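Visitor: next comes the sequence, and after it the predicted model I'd like to discuss.
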Amino acid sequence: MPLLYTIGKLTVAPALRLAFRPTVEGLEHVPETGGAIFAGNHLSVADELFLGTVVPRHLAFWAKSEYFTGTGAKGAFSKFVLTGLGAIPVERAGGRAALSAFDAAIPALRGGDLVVVYPEGTRSPDGKLYRGRTGAARLAIAAGVPIIPVGTIGTDKAQPIGARVPRPGTAKITVKFGKPLDFTGRPDDRTSLRQMTDEVMSEIQKLTGQEYIPRYAPKRAETDSASEV
């Protein structure tokens with residue numbers, strides 16, 4: 001586990017547990033060892049904080065590449081923090097550049113790490129669950145690991161858009177883990193990847209109870225800390 005991540009587990013995580021007392025369901029579905037992909041709904045930038053708080057193992061989040069290339073003191077600090085946490089940079093523009101995220105994630109997964117992606121590609125603008133992008137399914141097939149559906153509830157109330165930090169007393173936080181989905185042996189053509197992704201989103205919807213919208217979420221003007229390609 002990266003040093004900075006370990007420090008966070010010893011400081012930030014206990015503080016969040018004390019302040020919010022999050023409810024956790026299905027933690028038995030999180031493997032004690034071995035690689036896996038967490039695919040969850042995305043309501044708030046606080047999703048990553050609470051997921052990292054309740055999962056005892058290291059989580060490698062996909063983060064916007066801009067956070068690694070910023071200039072000045074702010075840019076240097078952002079790069080230092082994300083690198084220290086073991087985050088994986090993602091090119092949001094897509095194309096060949098975006099494949100670098102897969103190049104980094106696949107050996108991490110094969111080496112036994114846990115990687116977190118948000119198939120919607122951005123935070124939900126209205127609390128609904130939107131159509132998933134196929135990156136998580138492609139990554140699962142390439143790395144030969146299962147996908148664990150994750151449903152997070154209440155983070156959009158605890159840290160709504162514009163709030164700098166989660167606010168205690170504003171919402172009940174619940175994190176739910178579903179049974180691992182094993183896609184071993186499934187083909188990786190476009191139709192199959194779409195079907196697998198829809199299966200993942202269906203399981204997430206069962207965990208959260210969100211209304212499902214069968215189209216992609218509109219891109220936000222605000223920055224997102226983790227994204228899907």
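Guide: Thanks, I have it.
Visitor: for the protein, what spans make up the strands?
Guide: For the chain, the strands defined by DSSP state E cover 23-25, 36-40, 59-64, 88-90, 114-117, 129-130, 147-153, 174-177, 212-213.
Visitor: can you name every helix or strand that the first one contacts?
Guide: If I follow you right, that is strand 23-25. strand 174-177 (3 or more CB pairs under 8 Å, 6 or more residues apart in numbering; DSSP states H and E). The C-beta positions use only the backbone N, C-alpha and C, and glycine is treated the same way.
Visitor: and the lowest-mean-pLDDT helix or strand in the chain, what's buried?
Guide: Ranked by mean pLDDT, DSSP states H and E, the helix or strand of the chain with the weakest confidence is helix 95-110, at a mean of 78. Within helix 95-110, the residues that qualify as buried by neighbour count (16 or more other CB atoms under 10 Å) are 98, 101-102, 104-106, 108-109.
Visitor: a markdown table for those residues, including distance to Tyr212?
Guide: Output for these, formatted as a markdown table (distance: CB to CB, whole Å):
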| residue | distance to Tyr212 |
| --- | --- |
| Ala98 | 26 |
| Ala101 | 26 |
| Phe102 | 27 |
| Ala104 | 31 |
| Ala105 | 26 |
| Ile106 | 29 |
| Ala108 | 30 |
| Leu109 | 27 |
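Visitor: tell me the one of these nearest Ala15?
Guide: For the buried residues of helix 95-110, the closest approach to Ala15 (CB to CB) belongs to Ala108, at 27.4 Å.
Visitor: so Glu66 versus Lys79, what's the distance?
Guide: 10 Å (CB to CB, to the nearest Å).
Visitor: tally of neighbours for Leu43?
Guide: If you count neighbours by other CB atoms under 10 Å, Leu43 ends up with 25.
Visitor: now swap in the one 3 residues further on and tell me
Guide: By the measure other CB under 10 Å, the count of residues near Ala46 is 26.
Visitor: what sits closest to Lys172 if chain neighbours are left out?
Guide: For Lys172, ignoring the flanking residues on the chain, the nearest one in space by CB to CB, 6 or more residues apart in numbering is Gly154 at 5.2 Å.
Visitor: how far away is that neighbour from Lys176?
Guide: 11 Å.
Visitor: residue most distant from the centroid, the chain?
Guide: Going by CA atoms, centre = their mean, the residue of the chain most distant from its centre is Gly72, 27.5 Å out.
Visitor: just the pLDDT for it.
Guide: pLDDT, Gly72: 88.
Visitor: where's Val90 relative to Tyr67, distance?
Guide: Distance of Val90 to Tyr67, given as CB to CB: 10 Å.
Visitor: ok, the two, which is more surrounded?
Guide: Taking neighbours as other CB under 10 Å, Val90 and Tyr67 compare with Val90 leading, 29 against 18.
Visitor: so what does the least confident helix or strand of the chain touch, helix or strand wise?
Guide: strand 59-64, strand 88-90, strand 114-117, helix 135-143.
Visitor: can we see that at 7 Å?
Guide: strand 88-90, strand 114-117, helix 135-143 (3 or more CB pairs under 7 Å, 6 or more residues apart in numbering; DSSP states H and E).
Visitor: nearest to Leu16, out of the ones you listed?
Guide: Proximity to Leu16, assessed across these by CB to CB, is greatest for strand 114-117 (16.5 Å).
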